[in-house]
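Engineer: pasting the structure only:
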């Protein structure tokens with residue numbers, strides 16, 4: 001679980017920005033978005049294969 005303590009004199013907006021960066025770095029938001037809807041195993045395999053193909057094409 002990500003936790004950000006607000007420093008003395010720090011604005012809430014700045015602390016929220018640090019929290020968002022931390023969540024992005026940990027991959028928490030990506031994980032939450034992936035669990036919003038059920039994905040059939042065949043769709044998951046197709047998406048994984050497509051991702052692998054694009055990685056090969058980059059190099």
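Structural biologist: Structure received. On a predicted model such as this, the values are computed, not experimentally measured, just so you know. Numbering: from 1, shown residues only.
Engineer: any idea how far the helix or strand containing residue 53 is from the middle of the chain?
Structural biologist: Per DSSP states H and E, residue 53 falls inside helix 41-58. Relative to its chain's centre, helix 41-58 lies at 18 Å (Cα atoms, centre = their mean, to the nearest Å).
Engineer: list the buried residues of it.
Structural biologist: Buried residues in helix 41-58, defined by neighbour count with 16 or more other Cβ atoms under 10 Å: none. For glycine as for every other residue, the C-beta is placed from the backbone atoms N, C-alpha and C.
Engineer: tell me the SS of residue 17?
Structural biologist: Three-state assignment for residue 17 (DSSP: H, G, I helix; E, B strand; the rest coil): helix.
Engineer: and the residue lying farthest from the centre of the chain, how far is that from residue 49?
Structural biologist: Centroid-distance maximum for the chain: residue 9 at 29.0 Å, with Cα atoms, centre = their mean. Distance, residue 9 to residue 49, using Cβ to Cβ, to the nearest Å: 50 Å.
Engineer: what comes into contact with the helix holding residue 53?
Structural biologist: Applying Cβ atoms under 8 Å, 6 or more residues apart in numbering, the external contacts of helix 41-58 come out as residue 39.
Engineer: likewise stretch 16-27?
Structural biologist: Contacts for stretch 16-27 (Cβ under 8 Å, 6+ apart): 2, 4, 29.
Engineer: now find how far off-centre the helix or strand where the last one lies is within its chain.
Structural biologist: Mapping residue 29 onto the secondary structure by DSSP H and E places it in helix 28-34. In terms of Cα atoms, centre = their mean, the centre of helix 28-34 is set 5 Å apart from its chain centre.
Engineer: list the buried residues in that helix.
Structural biologist: Within helix 28-34, no residue counts as buried by 16+ other Cβ under 10 Å.
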